[in-house]
Structure formats: structure tokens, C-alpha cells
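# have a look; sequence and predicted model below, questions after that.
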Amino acid sequence: MAANAQDTLQRGSAALMNTFPPQNMVLDHGKGCKLYDTDGREYLDFAAGIAVVALGHANPILLNALKEQAEKVTMSVASHVTQAKVEAAEILTKGRVCDKTFFTNSGTEAMEGALKLARAWAHEHRGHDVKDFIAFRNSFHGRSYGAISITEKSLSQPQFGPYLPGCHFAQFNDLDSVRKLVTDKTCAIIVEPVQGEGGITPADPEFLKGLRALCDKQKIILIFDEIQCGMGRTGHFFCI
């Protein structure tokens with residue numbers, strides 16, 4: 001390893017919080033599914049920024065779109081409409097993936113929005129004390145407090161508590177384990193069609209159909225989290 005790379009690693013060790021064990025390399029640039037370090041070594045990127053670089057590094061179409069938009073408006077909040085935002089929303093709503101679209105900055109923010117929407121709907125339609133969530137073992141939904149509360153690893157990380165109350169964990173692909181947790185306080189069930197944190201584990205089609213039927217019968221919101229596995233990875237958005 002070149003001296004300048006070793007120096008950068010040492011400086012990083014001193015200046016960066018060690019949330020993950022650092023790799024013995026310094027990234028320099030990427031192209032497509034390849035990454036290159038400062039010593040010129042090539043790597044095949046299987047992590048993709050933990051499932052956020054689906055279009056590859058330095059994708060020219062994405063770069064041009066970012067440049068074009070940044071030269072117009074760098075940021076528009078939810079109370080402002082832009083043509084690009086409307087066109088993107090129409091792609092989803094015209095395909096009947098959803099009736100309305102809510103854009104966020106990250107997957108964990110999407111989950112926070114979903115939890116809030118579920119509680120708001122239950123508050124209005126079922127009762128003011130209908131607040132509980134059912135998620136699954138080996139789940140991963142994000143690192144903000146609502147999202148981590150429905151992520152099973154929170155059970156083994158008491159140092160970050162207290163977490164969101166009313167979160168329960170069923171066994172993935174086991175519909176009976178879900179039924180045992182359902183009460184009149186359950187407002188939503190949250191499931192990944194393909195679990196990523198606990199291994200690449202797909203949900204059985206009959207399991208997902210069973211969840212849909214159970215939620216319809218009990219007036220429970222069903223939340224599909226396709227952030228890490230990739231939107232539409234099952235062949236259809238939200239398995240529709």
C-alpha cells in the first residue's frame with residue numbers, strides 16, 4: 001500500500017467515528033459496478049453503498065440528470081411542486097403502484113413516513129389507542145428510531161433505548177406466528193418481500209397473500225419495505 005493511502009487511513013482512524021471496522025483500502029473512484037482505490041486496484045462492488053447505487057458509479061445518465069436539475073433547482077421541499085417531481089409521481093400512480101406518492105431522502109425516512117401514516121390512519125379509522133406494529137425476526141428497516149424499533153437487532157442493543165413502544169416480532173414466512181401477535185391494538189404489519197439483513201431470504205408467495213388477507217380482515221395496514229432488496233425486485237412493485 002502506498003504511503004499516501006496509509007496516511008489517509010491513519011488520519012481517518014483519528015477523525016472518523018468507528019461505526020464499522022474500516023477496510024484496508026482508500027477508495028478513489030468508481031465506474032459502473034467497479035470500484036478503484038488510490039493504489040489503482042480494481043474491485044467488484046457487491047455492496048453498492050448498501051443498496052443505494054443501483055444504477056452504478058458515475059452513471060452518465062444519472063450524472064447528466066443531477067447536473068441539469070442542480071442548475072435549475074437544487075432542493076424543493078414537499079410544499080413546492082416541480083415538473084420533474086410530478087412526472088416521477090405520475091410514473092408510479094399511472095401504473096397503479098399507489099394512489100399518491102410521497103418522496104423522501106432515504107429508506108429510513110420512507111419507513112418513518114410509513115409508520116406515521118399507518119398510525120394516523122388507525123387513529124382516524126379504528127381508535128386513538130391503535131398504535132402497535134408487527135415486524136419480523138431478522139428484519140432491517142433503517143437506523144432512525146422508528147425504523148430501528150421495528151428492526152429485530154434493537155432487541156440486542158439496549159444501549160440505544162428506549163425504543164418505540166408497541167413493536168412485536170413474528171417469525172418470517174410463518175403466518176401462524178403473526179396471527180398470535182395480532183390484537184385490537186395492531187395498526188400495521190411491516191414486511192420485506194426479500195429480507196437482506198438476516199440473509200437473502202425471500203418471502204413465500206402464499207405467506208404474503210396470507211398477510212394481505214389477514215390485514216384486510218382485521219383492518220390492519222400492510223407495509224411492504226422494498227428499500228434494501230430493491231424496488232420491484234420480486235418482479236412487481238410491492239408484489240402487486
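Great, that's in hand.

# how about stretch 58-73: buried residues?
The neighbour-count check on stretch 58-73 (16 or more other C-beta atoms under 10 Å) flags residue 59 as buried. In short, each C-beta sits where N, CA and C put it, glycine included.

# check stretch 110-125 too.
For stretch 110-125, by 16+ other C-beta under 10 Å, it's 110-112, 114-115, 118-119, 122.

# what mean pLDDT does that stretch get?
The average pLDDT within stretch 110-125 is 96.

# what sits up against it?
For stretch 110-125, contacts defined as C-beta atoms under 8 Å, 6 or more residues apart in numbering pick out 102, 104, 130-131, 133, 141-142, 144, 146-147, 150, 164, 187-188, 190, 219, 221, 223, 225, 227.

# which residue ranges make up each domain of this protein?
What automatic domain parsing lists as the domains of the chain is 3-68, 73-103, 105-239.

# deepest-packed of those, please.
domain 105-239 (a mean of 17; mean count of other C-beta atoms under 10 Å).

# so what's the gap between that domain and the chain middle?
Its chain's C-alpha centre and that of domain 105-239 lie 11 Å apart, by C-alpha atoms, centre = their mean, to the nearest Å.

# could you pull up phi and psi at residue 34?
phi -110, psi 150 (degrees, to the nearest 10).

# again, but for residue 113
With angles defined as degrees, to the nearest 10, residue 113 sits at phi -60, psi -40.

# ok, residue 36 next?
Torsion angles, degrees, to the nearest 10, at residue 36: phi -130, psi 140.

# is residue 145 in contact with residue 164, as I believe?
Yes: judged on C-beta atoms under 8 Å, residue 145 makes contact with residue 164 at a distance of 6.4 Å.

# show me the contact partners of the helix or strand bottoming out on mean pLDDT in the chain.
For the chain, using mean pLDDT, DSSP states H and E, the weakest element among its helices and strands is helix 48-51, scoring a mean of 81. Among residues not part of helix 48-51, those counted as contacts by C-beta under 8 Å, 6+ apart are 33, 54, 107, 196, 227-230.

# nearest spatial neighbour of residue 148, skipping sequence neighbours?
The shortest distance from residue 148 to any non-neighbouring residue, by C-beta to C-beta, 6 or more residues apart in numbering, is to residue 154 (5.1 Å).

# do residue 228 as well
In space, residue 228 is closest to residue 196, 4.2 Å off (C-beta to C-beta, 6+ apart).

# and the gap between the one you found and residue 79?
Going from residue 196 to residue 79 by C-beta to C-beta, to the nearest Å gives 34 Å.

# which residue ranges of this structure form helices?
3-15, 48-51, 60-70, 83-94, 107-125, 145-149, 175-179, 205-218 (DSSP state H).
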